[in-house]
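Engineer: When you get a sec, could you give me coordinates for this:
(one chain, ligands or ions: 1)
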Amino acid sequence: MTIGREKPHPVSTTENPFPVGFRWGAATAAYQIEGAVDADGRGPSIWDTFSHTRGAIADGSTGDIACDHYNRFRDDVRLMAELGLTAYRFSIAWPRVQPTGRGAPNPAGLDFYRRLVDELLGHGIEPWPTLYHWDLPQPLEHDGGWPERDTAQRFADYAAHVHHALGDRVDRWTTLNEPWCSAFLGYGSGEHAPGRRDPIAAVRSAHHLMLAHGLACQAIREANPSAEVGTTVNLYAVSPATTSPADADAARRIDGLANRIFLDPLLRGRYPADVLDDISVATGLDHIHPDDLVTIAAPLAHLGVNYYSRYVVARSHHDGPLPLSHGAWPGADDIQFAEPHGPTTDMGWAIDPAGLTETLVRLHRDYPAVPLYVTENGAAFDDIVGPDGRVDDPQRARYIEQHLGACLDAISHGAPVRGYFVWSLLDNFEWAHGYSQRFGLVHVDYTTQRRTPKTSAHWYADVIRRHRLSP
Ligand code: FCB
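Structural biologist: Below is the predicted model:
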């Protein structure tokens, strides 16, 4: 099937241009789908607290029930098998494993993930757990949260517990999901849990998340030197709005704060000097200890890239009040983000597949070699259930097709792209947007919990089937 194109896209033809062993996946995160927030000894996380705070979530909803995946995971794995997924990226809820964020693990919490992993393996689907997709145990936030160095050590202990429980059946580990969001939306703009608005806390958090990643790599590799451990960052293509030197500098700064602030320590073992200069004005940097960078730059088995859109930025020319989101960019109050000109998703994010190619090729060109996986990519659209019960979403299939095409373009430029995970398997709790944004391949009726694969799910299953069958 070809979506909205005259000529067949290489993604939709019978030839297989993807490398052997390419992972065809979909992704979710614990708090967005599991529900069952009080089950089997789970403790509260910062997202439980935040979502129950008046005004924090656009539609006033919480993740208390979400997709009830905790109770329905076997059905959901069956859906994945029907789609033909070869890998499933999910996250483990820290507060299920350590309800207070420290101390002995909760066996019932670990058992849930054992059952899930066994179910996946039983269906021939490779489990890709992420250890941290934003649900910090609330007691650790009470003790200071990510701005405190000790939280990184707590994370390494937690990682060791999970690895001890699941290391016999999971080969590939991802430490963090999108440290930018944890640090800068959680502690800078306050749009995400724990909802703090403190640029210094945000900058400290970014470093402690990196340190947490490095310490967790160490902890896992101490237990199993051949464990494959990587991490996932959200990257953006960044362009200046005009050719003016001021806009070029704005693009350099936003690229620094969004991308290089994580890529350089992970892959080069140092922070970019220009970014340190840009943020030190606002913060001071005594939380970065000299040996930390060695820990952070431990070799990565893979780098996960979450890609959604491009930023077009300009030096601001007006002095009006700044939008809340500016708190997410410490020291960049004089930079404006342009409204997208072209098509957007329901999130208002510009649809820009070329930005994905650019991002992957840039990683290949500018950084030491590391296997790359697109661990999230997808689109929210206002899906409607038709009178016949079907959900027809050609625009989502088209979005995925374009971005798979962007991966192929990157591969043809030499970028080692080894897999692609659609965000998301299911419609789910989209953080501060609540249930108002639907990203799923599979529609979820939140009243009945009925799952309906959308047209895009059938299309994706078809693409996977053809690529897996062809030599
Ligand atoms: C990413 C998050 C994921 C989801 C998508 C839309 O930033 O990792 O949980 O919210 O955006």
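Engineer: and G109, what element?
Structural biologist: Element membership for G109, per DSSP states H and E: helix 107-122.
Engineer: Excluding chain neighbours, what is closest to the residue in the stretch 1-150 of the chain positioned nearest to the ligand?
Structural biologist: Closest to the ligand within the stretch 1-150 of the chain is A29: 4.7 Å, counting by C-beta to the nearest ligand atom. All C-beta spots, glycine's among them, are computed from the backbone N, C-alpha and C. Spatial nearest neighbour of A29, chain neighbours left out: H133 (3.8 Å); criterion: C-beta to C-beta, 6 or more residues apart in numbering.
Engineer: Now do the contacts for that neighbour.
Structural biologist: Residues in contact with H133, defined by C-beta atoms under 8 Å, 6 or more residues apart in numbering, are 29-32, 91, 177.
Engineer: ok but H208 is inside a helix, no?
Structural biologist: Yes - residue state for H208 (DSSP: H, G, I helix; E, B strand; the rest coil) corresponds to a helix.
Engineer: got a pLDDT number for it?
Structural biologist: pLDDT, H208: 98.
Engineer: measure it to the ligand for me?
Structural biologist: 19 Å (C-beta to the nearest ligand atom, to the nearest Å).
Engineer: My read is that that residue contacts R154, right?
Structural biologist: No - counting by C-beta atoms under 8 Å, H208 does not reach R154; the two are 10.4 Å apart.
Engineer: Looking at the two, which is more packed in?
Structural biologist: H208 (28 against 23; other C-beta atoms under 10 Å).
Engineer: I'd assumed R438 was in a helix, is it?
Structural biologist: No - the assignment for R438 is coil, going by three-state DSSP, so no helix is present there.
Engineer: Just give the strands next to the helix or strand that the helix holding G109 is followed by in its sheet, each with its orientation.
Structural biologist: Downstream of helix 107-122, the first helix or strand assigned by DSSP H and E is strand 126-132. Strand pairing for strand 126-132, determined by DSSP bridges: strand 87-91 (parallel), strand 172-177 (parallel).
Engineer: I'd like a version of these in CSV, one that adds distance to P107 and mean pLDDT as further columns.
Structural biologist: Output for these, formatted as CSV (distance: least, C-beta to C-beta, whole Å; pLDDT from 0 to 100):
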stretch, distance to P107, mean pLDDT
strand 87-91, 19, 99
strand 172-177, 20, 99
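Engineer: possible to save these as CSV with mean neighbour count and distance to E141?
Structural biologist: As requested, those are arranged in CSV below (neighbours: other C-beta atoms under 10 Å; distance: least, C-beta to C-beta, whole Å):
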stretch, mean neighbour count, distance to E141
strand 87-91, 26, 18
strand 172-177, 25, 16
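Engineer: mind putting the ones you listed in a markdown table, distance to R396 included?
Structural biologist: Formatted as a markdown table, the strands paired with strand 126-132 follow (distance: least, C-beta to C-beta, whole Å):
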| stretch | distance to R396 |
| --- | --- |
| strand 87-91 | 18 |
| strand 172-177 | 22 |
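Engineer: Any chance of CSV for the ones you listed, columns distance to the ligand?
Structural biologist: Formatted as CSV, these follow (distance: least, C-beta to the nearest ligand atom, whole Å):
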stretch, distance to the ligand
strand 87-91, 9
strand 172-177, 5
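Engineer: what does the chain put close to the ligand?
Structural biologist: Within the chain, the positions lying close to the ligand (C-beta under 6 Å from any ligand atom) are 29, 32, 177-178, 181, 234, 306, 376, 423, 430-431, 439.
Engineer: buried ones in stretch 401-419?
Structural biologist: Using 16 or more other C-beta atoms under 10 Å as the test for burial, stretch 401-419 gives 401-411, 415-419.
Engineer: What lies in contact with the helix holding G109?
Structural biologist: Contacts for helix 107-122 (C-beta under 8 Å, 6+ apart): 40-42, 70, 73-74, 77, 80, 88, 90, 92-93, 96-97, 99, 126-127, 129, 161-162, 165-166, 169-170.
Engineer: Sort out which residues of that helix are buried, please.
Structural biologist: Neighbour-count burial for helix 107-122 [16+ other C-beta under 10 Å]: 109-110, 112-113, 116-117, 119-120.
Engineer: Show the end-to-end separation of stretch 174-185, please.
Structural biologist: Stretch 174-185 has its terminal residues 21 Å apart, counting by C-alpha to C-alpha, to the nearest Å.
Engineer: Could you check how far that stretch is from the centre of its chain?
Structural biologist: Between the centre of stretch 174-185 and the centre of its chain there are 8 Å (C-alpha atoms, centre = their mean, to the nearest Å).
Engineer: so E126 sits right up against M80, yeah?
Structural biologist: No - E126 lies out of contact with M80 (C-beta under 8 Å); the separation is 10.9 Å.
Engineer: Common neighbours of the two, please.
Structural biologist: What both E126 and M80 touch, as defined by C-beta under 8 Å, 6+ apart, is the set 88, 120.
Engineer: Looking at the two, which is more packed in?
Structural biologist: Under the criterion of other C-beta under 10 Å, the comparison of E126 against M80 puts M80 first, with 21 against 18.
Engineer: check contacts around G145.
Structural biologist: Here G145 is in contact with 46, 136, 151, 187, 194, 196, 201, 205 (criterion: C-beta under 8 Å, 6+ apart).
Engineer: count of neighbours near the first one?
Structural biologist: Look at I46: counted by other C-beta under 10 Å, it has 26 neighbours.
Engineer: May I ask you to confirm that it is in contact with Y187?
Structural biologist: No - the pair I46 / Y187 is not scored as a contact, 10.6 Å apart, by C-beta under 8 Å.
Engineer: Pull up the overlap in contacts between the two.
Structural biologist: In contact with both I46 and Y187: 145, 194, using C-beta under 8 Å, 6+ apart.
Engineer: Now secondary structure and pLDDT too, for the contacts of G145, in TSV please.
Structural biologist: Listed next are the contacts of G145 as TSV, based on DSSP: H, G, I helix; E, B strand; the rest coil; pLDDT from 0 to 100:
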residue	secondary structure	pLDDT
I46	helix	99
L136	coil	99
T151	helix	99
Y187	helix	98
P194	coil	98
R196	coil	98
A201	helix	96
S205	helix	98
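Engineer: from the middle of its chain, how far away would the lowest-mean-pLDDT helix or strand in the chain be?
Structural biologist: The helix or strand of the chain with the poorest confidence is helix 273-283; it has a mean of 88 (mean pLDDT, DSSP states H and E). In terms of C-alpha atoms, centre = their mean, the centre of helix 273-283 is found 26 Å from the chain centre.
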